[in-house]
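Asker: compute the structure for the input listed below.
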Amino acid sequence: MFLKRISLLRDKVSSFNEYPFSIPVIKHLHELHLENNVTFFVGENGSGKSTLLEAIADGCGFSTAGGGRNNMYEVYASEAALAEYIRLSWLPKITNGFFLRAESFFNFASHIDNVDTVGFKDYGGRSLHQQSHGESFLSLFLHRFQGKAIYLLDEPEAALSPAKQLTFLRILHDLTVEGNVQFIISTHSPILLGYPQADILSFDSDQMSKIDYERTEHYQITKTFLENREKVLSELFRED
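Answerer: A predicted model of the protein is given here:
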């Protein structure tokens, strides 16, 4: 554990009716205490997960377009709107890590093509563009993720098949057991959320709250669909 607390500097906010402070979870945020070396953010689209994760990435000094402290390049709409309004509290402060922004990973891969001089040693020895989308994600996790670091992942499942999501869980396990690392992961995947003993923070109400795996909407909807597929589809397609 390195990042212990995230505080919203509420006295700097001029209006809680304007984005991003109009997002309910952000509007009611005072302090978020992190108590686990693996923390998941879950919630519907627009609930504030990525907004907060981008702000944390900026506070870590990582590229908000995706990457680490040394990956500086620009991507449209990658500005962290919340960044200057939060304070990160560390014990100890670290500078090593990475921010995975799934929606702009193509741009990160192009950036690496432009700056790499050591044969892509941090990415399995090949350009990320020469690997499938899922392979490139796993190459990043396997080769670049190591050592004392904090990793911020925004929807890492976006490029991963269910089988590869299980592979990622094994990588996550190995890194947390063998290394001194911290993960904060925003996800919609019920597979990733099943990682044992992780903290799951729900963004689906006015205030962020810890939630058990089986109580997440992701688990409940998936379980209901798999166990009652015909009934669910019948109700979904029913003409009123």
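
Asker: shaky segments in the protein?
Answerer: Low-confidence segments of the chain (pLDDT under 70): 73, 75-79, 117.

Asker: so Ser205 touches Lys27, yeah?
Answerer: No. In this structure, Ser205 is not within contact of Lys27 by Cβ atoms under 8 Å, at 11.7 Å. (Glycine included, C-beta is placed from N, CA and C.)

Asker: next one: stretch 98-113 to chain centre, how far?
Answerer: The chain centroid and the centroid of stretch 98-113 are separated by 14 Å, computed with Cα atoms, centre = their mean, to the nearest Å.

Asker: still on that earlier bit, what about Ser205 and Lys27, which has more around it?
Answerer: Shown here are Ser205 and Lys27; by other Cβ atoms under 10 Å, Lys27 has more neighbours (17 against 13).

Asker: which non-adjacent residue is nearest that one?
Answerer: Nearest residue to Lys27, sequence neighbours excluded (Cβ to Cβ, 6 or more residues apart in numbering): Phe16, at 5.0 Å.

Asker: kindly report the same for Tyr151.
Answerer: Spatial nearest neighbour of Tyr151, excluding adjacent residues (Cβ to Cβ, 6+ apart): Phe183 at 5.0 Å.

Asker: what does the helix or strand that neighbour falls within contact?
Answerer: Element membership for Phe183, per DSSP states H and E: strand 181-186. The contact list for strand 181-186 (Cβ atoms under 8 Å, 6 or more residues apart in numbering) reads 1-3, 34, 37-42, 49-50, 53, 56, 145, 147-156, 172, 175-176, 192.

Asker: report the buried residues of the following helix or strand past that strand.
Answerer: Once strand 181-186 ends, the next helix or strand along the chain (criterion: DSSP H and E) is helix 190-193. The neighbour-count check on helix 190-193 (16 or more other Cβ atoms under 10 Å) flags Pro190, Ile191, Leu192, Leu193 as buried.

Asker: over to stretch 166-185?
Answerer: Within stretch 166-185, the residues scored as buried using 16+ other Cβ under 10 Å are Thr167, Phe168, Leu169, Leu172, Leu175, Thr176, Val181, Gln182, Phe183, Ile184, Ile185.

Asker: quickly list what the last one is bridged to.
Answerer: The one in question is Ile185. For Ile185, the beta-bridge partners are Phe40, Leu153 (DSSP bridges).

Asker: now do the helices in this structure.
Answerer: Here the chain has its helices, by DSSP state H, at 24-27, 49-60, 105-115, 133-139, 162-178, 190-193, 217-227, 229-236.

Asker: of these, which approaches Asn70 most closely?
Answerer: Of all these, it is helix 105-115 that lies closest to Asn70, at 8.7 Å by Cβ to Cβ.

Asker: could you export that closest one as CSV, CA atoms only?
Answerer: Listed next in CSV are the C-alpha coordinates belonging to helix 105-115 (Å, rounded to 0.1, in the frame of the first residue of the first chain):
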residue,chain,number,x,y,z
PHE,A,105,-4.2,2.5,-25.9
PHE,A,106,-3.8,2.6,-29.6
ASN,A,107,-2.3,6.1,-29.2
PHE,A,108,0.0,4.8,-26.5
ALA,A,109,1.2,2.0,-28.7
SER,A,110,2.0,4.6,-31.5
HIS,A,111,3.9,6.7,-28.9
ILE,A,112,6.0,3.7,-27.9
ASP,A,113,6.8,3.0,-31.6
ASN,A,114,8.1,6.6,-31.9
VAL,A,115,10.3,6.6,-28.8
